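Q: fold the following.
(chains A and B)
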Amino acid sequence: MRAIAVESSSKMRRLSHAIDRWTLSSILLSGLVVLPVLTVIGLAFGSTSDIWQHLLSTSLPHYLRNTLCLMLGVGVAVCLLGISTAWLVTMCHFPGRKMFEWLLLLPLAMPAYVIAYAYTDFLEYAGVVQGGLRGLFGWQSAQDYWFPEVRSLGGAIVFMGFVLYPYVYLLTRAAFLEQSVSMIEASRVLGRGAWSTFFRVSLPSARPAIAVGLALALMETLNDFGTVDYFAVETLTVGIFDVWLGMGNLAGGAQIAVVMMCFVFGLITLEHISRRHQRYYQPASSRLKTLPTYPLVGYKGMAATGVCLVPVLFGFFVPVLVLSELTWVYFDESWTPAFRTYVLNSCLLSAAAALIALLVAIVIAYARRLQGGQVLKVTTRIASLGYALPGAVLAVGIIVPFAAFDNALDAWMRAQLGISTGLLLSGTVTAVVFAYVVRFLAIALGQVEASLEKISPSMDMAARTLGYRAGETFVRYHAPLIRGGLFTALMIVFVDCMKELPATLILRPFNFDTLATHVYEFASDEMLGEAALGSLTIVIVGLLPVLLLTRMIGKSRNGGPDQPTRPASVASVA
Amino acid sequence: MNAEYLLEVDDITCRYGRDRAVDGLSFRARPGSLTCLLGPSGCGKTTALRAIAGFQDLEKGEIRIESLCVSRPGYLLPPERRQVGMVFQDHALFPHLKVTDNVAAGLRHQHENLRRQTVSSLLERMGLSALGERFPHELSGGQQQRVALARALAPRPRLLLMDEPFSNLDLDLRERLGVEVHDLLKEHGITAVMVTHDQYDAFVLGDEVGIMSQGNILQWDTPYNVYHEPTSRFVADFIGNGVFVRGTRTGDRTVNTELGDIEGTLDRPALTSAVVHVLIRPDDVLPDPDGPISARVSRKAFKGADIMYTLTLPSGTTLLSLFPSHDNFAVGDHVRVRLNVDHLVVFATENTVAESMTSSPD
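A: Reported below is the predicted structural model:
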C-alpha cells in the first residue's frame, strides 16, 4: 500500500515520460513515411524548368481524362458488385449462400494485370473465344463480325472491377453483420418490406463502410500500372513512367504524381470521414443474435446465385482456368531454378513488409488511442499518406533520399576510416521493403484503427487501473480482442506486396526479380504463355491468406467456447 | 502516515476538447467513506473521475491520494501505479477471459495459490461461485456488474471509483445491488467515489453527496440534507420532486402563501428578500379530511405503495402529493390536505441562484 509513497519524484517523472514515448515513436514513424512524400513535392516544385505549362498544354489533360474515366467506371463496378453480393450473402438465404460467403473473396488474390494478361490471351483475335465463334459461325476474318476490343479503357474498367470489388464486399458485409438486429426487426415491424428496409435502413448505416471500401479500391485503380500499360490506356500512372523513365524527366514525373496525390488525398479524406461516421461501440446485447435472413426460393434464389456467381466466375475461375491451361502448355519453359528464386524473393519481401507495416501501424494507432490530441491526429493522417503515392513516384521519393544518405555515409567513412560502404539503402531490398511499408501502411493502420475503435475505452481504463502499463494492456487485452483485425491487416498487406509492380520494378536491386516483375517483363514481350506460371503462382500465393480469412469467417459463424469474441472477430474483418 | 483524508481533490480544472469540463472542483474523502458525485449528464462528473484515476491531465490544481500528489499540471502518476480500482457503466469485462480470469486480472503479482484463494473468496462473497468458468457474455447484466466489482476489489485498491455502476441495470436489480454494494464496501472499509446522474443510486450508496453542475460542486452534504435543505434552486429542482409556491416572509420562521402561513425551520436566515418561493415536497403535503386546503386531483400516478397526485388549487397553483395507496381518488375528485413542512426551503423570487448561494450554510 505504501509502495507509491516512498517512490522518489524522479521516478514519477520518468513514468510520466514513459507515456510520451508513444507520442515520440508515432511522430518518428510517420516522419519516415512522409519523407518520400516531401521529396516528391520538393522535386515537383523545386524544378527550374517551366514544365507545368508544357504539361498542361500537352499530355496532362489526356492523362487526366483517362484517369477520371477509369476511376468512375471502376467505382461504379465495384459498388454494384460489392454491395449486391454483400447484402445477398448476409441477409438472404439462397442456394450456395454459405459457399459464396468465401468464394466472393477469391478475386482478392488476383492482381489486375494478371487478369488482364489472362483475358487478353482468352479473348483476343487469336484466342479461344473468338476462334470458337469464327468456327461456329463460319466467319473468315475480323471484318465479318463485331467483337469488343479487349485492350481498351472499357476492358480495363471491367477487369479491374472484377478484382477490386472484394474491398467493398468485405467492408460492406462486415457492416451488415454488425448492424443491430433490433434495428432491422423494428423496420420490418414498422411495415417496411425487404427492399425498403435495405434502401432505408441497412444501406444508409453501411454507407461509411462502403465508402471506405470504395476508397481503397479506387486507390488501387490509381496505382495500377500493369493493366493500363498493357492496354495502352494512358492514365496518370502511365504518364509518370513515360515522362520520367521514357523522357528522362524526373521533375516532370513528380509533377504528374502531385496531380495524382490530389486525387488520392481526396480518397483518403473520404475514407477518414467515413470512418468517423462509422465510430460507435457495438451494442452488447445484439451481438450474439443471428441476423434474420430472407428466404429466396425458385427463380429468385437462382437469380441470387447468379448475381454472386458472376464476379466469382469472371473475377477468378475463368482467368485461373486460362492461366492453368497456358501453364500446362508452357510448363517446361517456365519452371526453372530462376523462377523458384523469384517465388522466394516475393514471399520474403512481402512477409517482412507486412510484419513491419503492422508493427508500425500498431504503434501509431495505439499512441493515438492513448494520448489523443491534435498532434497525433495529424501524424496518423500523415502516416496514411504513403498510399497516395503511386508505386512509381514512391520509388523516386525513396531513391533520392536513400542515395543521398548512401553517398554521404560512403564519403564520410572513406574520409574517416578509409572504408567504402557502397550502397546500403538504395539499390537493395531495403528500399523495396521500405516502399512496401510506406505504401501499404495506410491499410494496416486503417485496419488497426478500426479494430481498436470497437473496443470500449473503459476496457483500457479497467486494465490500466488493474496495474497494467499501456503496452501490456495492448498485448494482453487488446491484441486478443482484435487479433482478427490484426491478421486481416497482415494478410491484405502481404497480398498487396505480392502484387505490387511499379515500385518493385524500379527499386529492385540489379538482376533481382520478384514474381511480379518477372511476369510483367514476359508479358511486355508478348510471351503470355511463359508468364502464365508466374501469374498463376502470384494468384495461388495470394490465395493462401484469402483462404485463411475465409476459414476465420466460417469459424466465427459457428461461435463456440473457443471464440467468445465471435462477433468482434467478424467485425474486425472490416 | 495516517492521513485524515484519503483522497483530496484540490481546485482542479480539466479541459475536455475546447470546454472546461471540470472547473475549480474541490472535495475530500475520508478513509472508508462513500462519496457520490451527482449531476446531470455533461456536468463534468465523469471527467473528474477520469482525473482521479489518472486518465485526464489537469490544467490547474492537484489531486492527492494518501497525501501524495498523483496529479498536477504536467504530471500524471500513471493509472497503473495509483492502486485505484474502477467499475464502469458498461462493466468493461474482458470478453475473452473467464470470470475467474477476469477477477484475477489485477493479481498477477500474487502467488498462484493465494491468487486462486482471493478469487474464490471474492466470488463467494459476491454470490458468483457457480459462475467462475463462464465467459462474460454468458452472464446477466447484474452478474456482470458483480464480476466487475469483484475484479476491481481483488487487488485491494486504496480507492474504488465507480462510473454510473448501476445505470445499465433494471430498476429492481439496481436497488438490490445498490444496497448490497453499500454493505460490501462498508464491511471491507473501502473508500469509494461514485459518479451518477441517478439520485436514488446516490442516496443508497453515498455517505456524502456532491451535486455537480458545470464542472463544479454546488452543494456538498448528506443525502438527507441535499433533499430537505437544498441550498440552491438548481439542487432543489434536480433532487426529488416538488413545486415552488410564491409567498411573503412574515417572520423568522414563517412565510405567508396562498396555502396559509407555512412554518418551519428557516435554513437560511440571511436571505433578505421579502417575496420568496417556498419549496413544497410531495411528502410535505399530507392527506387530511379536516385539512385546511381543498384541491382538485388533476393527475395521478400509481406507484404501488403510494400514489403521486398532482393537485390543482382554485388559484391554479399545483402541488404534488404522495398519498398512501389506500386513499384512491379519481382525477376530478376534490381532496383536502394539510401541509407539514419541517424544513422551510425558500429562494428569492428573482431567478437568482447567486443570492441563494451566498447564503448557503457552511
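Q: residue B:182: neighbouring residues, count only.
A: Counted with other CB atoms under 10 Å in any protein chain shown, the neighbours of residue B:182 add up to 16. C-betas here are computed from N, CA, C, even on glycine.
Q: look up the pLDDT of it for me, please.
A: For residue B:182, the pLDDT comes out at 91.
Q: kindly format the C-alpha coordinates of the helix or strand that contains it as CSV.
A: Element membership for residue B:182, per DSSP states H and E: helix B:171-188. In CSV, the C-alpha atoms belonging to helix B:171-188 read as follows (Å, rounded to 0.1, in the frame of the first residue of the first chain):
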residue,chain,number,x,y,z
LEU,B,171,-34.8,-0.8,-11.6
ASP,B,172,-35.4,-3.7,-9.3
LEU,B,173,-31.9,-5.1,-9.6
ARG,B,174,-30.2,-1.8,-9.2
GLU,B,175,-31.9,-1.1,-5.9
ARG,B,176,-31.0,-4.5,-4.6
LEU,B,177,-27.4,-4.3,-5.9
GLY,B,178,-27.1,-0.8,-4.6
VAL,B,179,-27.8,-1.9,-1.1
GLU,B,180,-25.6,-5.0,-1.5
VAL,B,181,-22.6,-2.9,-2.7
HIS,B,182,-23.1,-0.4,0.0
ASP,B,183,-22.9,-3.2,2.7
LEU,B,184,-19.9,-4.8,1.0
LEU,B,185,-18.0,-1.6,0.8
LYS,B,186,-18.7,-0.7,4.4
GLU,B,187,-17.9,-4.2,5.5
HIS,B,188,-14.4,-4.0,4.0
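Q: mind giving me the packing neighbours of that helix?
A: strand B:34-38, helix B:141-153, helix B:199-205 (3 or more CB pairs under 8 Å, 6 or more residues apart in numbering or on different chains; DSSP states H and E).
Q: where does the stretch 251-362 of chain B have low pLDDT?
A: B:266-272, B:350-362 (pLDDT under 70).
Q: okay, the helices and strands packed on helix B:171-188 in CSV with distance to residue B:53 and mean neighbour count next?
A: Below are these laid out as CSV (distance: least, CB to CB, whole Å; neighbours: other CB atoms under 10 Å in any protein chain shown):
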stretch, distance to residue B:53, mean neighbour count
strand B:34-38, 13, 26
helix B:141-153, 11, 24
helix B:199-205, 18, 21
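Q: wait, which of these is closest to chain A?
A: helix B:141-153 (7.2 Å; CB to the nearest CB).
Q: which residues does the closest one contact?
A: Under the criterion CB atoms under 8 Å, 6 or more residues apart in numbering or on different chains, residues A:462, A:465-466, B:85-88, B:91-93, B:99, B:102-103, B:105-106, B:119, B:122-123, B:125-128, B:131, B:136, B:139, B:160, B:165-166, B:168-170, B:173, B:177, B:181, B:184, B:188, B:190 lie in contact with helix B:141-153.
Q: again with stretch A:144-163
A: Here stretch A:144-163 has contacts from A:66, A:69-70, A:73-74, A:76-78, A:81, A:107-108, A:110-112, A:115-116, A:119-120, A:123-125, A:130, A:133-134, A:137, A:139, A:220-221, A:224, A:227-228, A:230-233, A:311, A:314-315, using CB under 8 Å, 6+ apart.
Q: now do the end-to-end distance for that stretch.
A: Start and end residues of stretch A:144-163 are separated by 32 Å (CA to CA, to the nearest Å).
Q: now that stretch: mean pLDDT?
A: Mean predicted lDDT for stretch A:144-163 stands at 89.
Q: would you mind listing the buried residues in that stretch?
A: Within stretch A:144-163, the residues that count as buried by 16 or more other CB atoms under 10 Å in any protein chain shown are A:150-151, A:153-163.
Q: with stretch A:219-226 instead?
A: In terms of neighbour count (16+ other CB under 10 Å), stretch A:219-226 has its buried residues at A:219-226.
Q: same check on stretch A:400-418?
A: In stretch A:400-418, counting by 16+ other CB under 10 Å, buried: A:400-402, A:406, A:410.
Q: ditto for stretch B:42-49
A: B:43-49.
Q: repeat that for stretch B:243-256.
A: Within stretch B:243-256, the residues scored as buried using 16+ other CB under 10 Å are B:243-245, B:247, B:249, B:255.
Q: of the residues you listed, which is the nearest to chain A?
A: Using CB to the nearest CB, the buried residues of stretch B:243-256 come closest to chain A at residue B:243, 38.0 Å.
Q: gap between that closest one and residue B:319?
A: The gap separating residue B:243 from residue B:319 is 6 Å, by CB to CB, to the nearest Å.
Q: shared neighbours of those two, which are they?
A: With CB under 8 Å, 6+ apart as the test, residue B:243 and residue B:319 both reach residue B:280.
Q: and the helices and strands packed on helix B:171-188 as TSV, adding mean pLDDT?
A: Shown next, in TSV, are these (pLDDT from 0 to 100):
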stretch	mean pLDDT
strand B:34-38	94
helix B:141-153	91
helix B:199-205	88
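Q: wait, isn't residue B:84 in contact with residue B:157?
A: Yes. The criterion here is CB atoms under 8 Å, and residue B:84 meets it with residue B:157 at 5.4 Å.
Q: which neighbours do these two share?
A: residue A:465.
Q: ok, the two, which is more surrounded?
A: Neighbour count, other CB under 10 Å: between residue B:84 and residue B:157, residue B:84 has more, with 25 against 22.
Q: I'd like to know how far the more buried one sits from residue A:168.
A: 45 Å.
Q: for residue B:50, same thing?
A: For residue B:50, the distance to residue A:168 - CB to CB - is 38 Å.
Q: out of those two, which sits in the more crowded spot?
A: The neighbour comparison of residue B:50 against residue A:168 (other CB under 10 Å) goes to residue A:168, with 29 against 23.
Q: give me the element the more buried one is part of.
A: Going by DSSP H and E, residue A:168 is part of helix A:153-178.
Q: also residue A:259?
A: Using DSSP H and E, residue A:259 falls in helix A:250-278.
Q: now the helix or strand that that helix is followed by, how far from the centre of its chain.
A: As assigned by DSSP H and E, the chain's next helix or strand after helix A:250-278 is strand A:294-295. Averaged C-alpha coordinates place strand A:294-295 at 33 Å from its chain's average position (CA atoms, centre = their mean, to the nearest Å).
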